[in-house]
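Q: Got a predicted structure here, sequence first:
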Amino acid sequence: MTIEFHKMHGAGNDFVLVDARAQAFEIGPERAALIADRRFGIGCDQILVLRPADDTKHRLRYEIWNADGTLAGQCGNGARCVALFIERAGHYPGHAYTVESPSGIVTMRRCDDGQYELEMAVPAFDAARVPVRLAPARHRYRLDSPWGPLEFGAVSMGNPHCLVVVDDIADERIPEMGAWLQANEVFTDGVNAGFAQILDRRSIRLRVVERGAGETLACGTGACASVVILHQWGHLADHVDVYLPGGHLVIKWRGNGTAPHMKGPAEYIFRGIMDE
């Protein structure tokens, strides 16, 4: 038996997408890790599996598997690839619509310039929701680290994120610092570790070491997390350009209690067949 898959990317963050509505497909940690392996599998940062929606008012449901075989709660770049797949299949209704994700409902629409805009989940700043086992002071957390006292913000975007501000986004310590944060016991469910260089109130540079995938060329929820944290700290405006190694995303956020909007590209690479 063979399975059809689709290789896609959003700003360099790459995915294998399988439409399990049209074919029988089961996946678990071992199979996910093999598919994602760049030497022995197809190779990707994450795997997207499409299922029928639990509620028929939504177009479909998607699940996300990390490259290490763990499940993810959300993925903004992957969600845009889902939107592109819906359009390529001829199912785009011509207006905004909703899909089910592991962390809740995502609203999607195609922009006139061919990119996709998503309304993400309302950020959860409460430490228990992230989760992080520290008490914040003025929305900031502090940890003693091998590099001295480390200050960061933390938020859940359906998955856990922390953010450290750096003077230089090319800092060679970032991968090591990200791995150290991910392994730290204060993050009881792991964490996506972001590092941002603030250019001005409307633009930042960002790198993200993702939980279960390592450093990726882009992280959509990481871009949202960085903007809402820095906005809450008073450093950013409501409309921010986020420059990642793989591309450019635009994040809009009006403040606490509202959902951020993320706009960015999605690209189709190829269709393939894998053995069951």
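A: Perfect, I can see it now. On a predicted model such as this, the values are computed, not experimentally measured, just so you know.
Q: Which stretches in the stretch 101-250 of the chain count as helices?
A: Along the stretch 101-250 of the chain, counting by DSSP state H, counting those that start in this stretch, helices occupy 174-183, 220-232.
Q: So for residue 88, which of the ones you listed sits nearest?
A: For the helices of the stretch 101-250 of the chain, the distance to residue 88 is smallest for helix 220-232, at 19.4 Å, taking CB to CB. For every residue, glycine as well, the C-beta is placed using N, CA and C.
Q: what's the average pLDDT for the closest one?
A: Mean pLDDT, computed over helix 220-232, is 98.
Q: for stretch 237-249, same thing?
A: For stretch 237-249, the per-residue pLDDT averages 98.
Q: in it, what counts as buried?
A: 240-249 (16 or more other CB atoms under 10 Å).
Q: neighbouring contacts of that stretch?
A: 9-13, 76, 201-208, 216-220, 223, 226-227, 231, 250-255, 262-265 (CB atoms under 8 Å, 6 or more residues apart in numbering).
Q: Narrow these to those that are buried.
A: 9-13, 76, 203-208, 216-220, 223, 226-227, 231, 250-253, 262-265.
Q: For the stretch 1-150 of the chain, which segments count as strands?
A: With DSSP state E, counting those that start in this stretch as the criterion, the stretch 1-150 of the chain has strands at 2-10, 13-19, 46-51, 61-66, 71-72, 97-101, 104-110, 116-119, 141-145, 148-156.
Q: So which other helices or strands are in contact with the fifth one?
A: Going back to what we said before, that points to strand 71-72. Secondary-structure packing of strand 71-72 (3 or more CB pairs under 8 Å, 6 or more residues apart in numbering; DSSP states H and E): strand 61-66.
Q: Can you get me a residue count around residue 46?
A: Using other CB atoms under 10 Å, residue 46 has 24 neighbouring residues.
Q: still on that earlier bit, among the buried residues of stretch 237-249, which ones are in strands?
A: 240-244, 247-249 (DSSP state E).
Q: Just send those residues back as TSV, with distance to residue 99 too.
A: Shown next, in TSV, are these (distance: CB to CB, whole Å):
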residue	distance to residue 99
240	25
241	26
242	23
243	27
244	23
247	22
248	24
249	19
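Q: Identify the farthest-apart pair in these.
A: Largest pairwise distance in these, by CB to CB, is 14.8 Å, between 240 and 247.
Q: still on that earlier bit, quick one, which of the strands of the stretch 1-150 of the chain gets closest to residue 176.
A: strand 141-145 (10.3 Å).
Q: Out of the helices of the stretch 101-250 of the chain, which is the most enclosed?
A: Across the helices of the stretch 101-250 of the chain, averaging neighbours per residue (mean count of other CB atoms under 10 Å) puts helix 220-232 on top, at a mean of 28.
Q: Let me see the mean pLDDT of stretch 51-64.
A: The model assigns stretch 51-64 a mean pLDDT of 98.
Q: show me the contacts for the closest residue to residue 275 other than its chain neighbours.
A: Computed as CB to CB, 6 or more residues apart in numbering, the closest residue to residue 275 that is not its neighbour in sequence is residue 2, at 6.0 Å. Residue 2 makes contact with 273-276, according to CB under 8 Å, 6+ apart.
Q: quick one: residue 2 from residue 247, how far?
A: 32 Å (CB to CB, to the nearest Å).
Q: repeat for residue 194
A: 16 Å.
Q: now residue 44
A: Applying CB to CB to residue 44 and residue 247 gives a distance of 17 Å.
Q: Same list, the helices of the stretch 101-250 of the chain, but as TSV with distance to residue 54 please.
A: Shown next, in TSV, are the helices of the stretch 101-250 of the chain (distance: least, CB to CB, whole Å):
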stretch	distance to residue 54
helix 174-183	31
helix 220-232	22
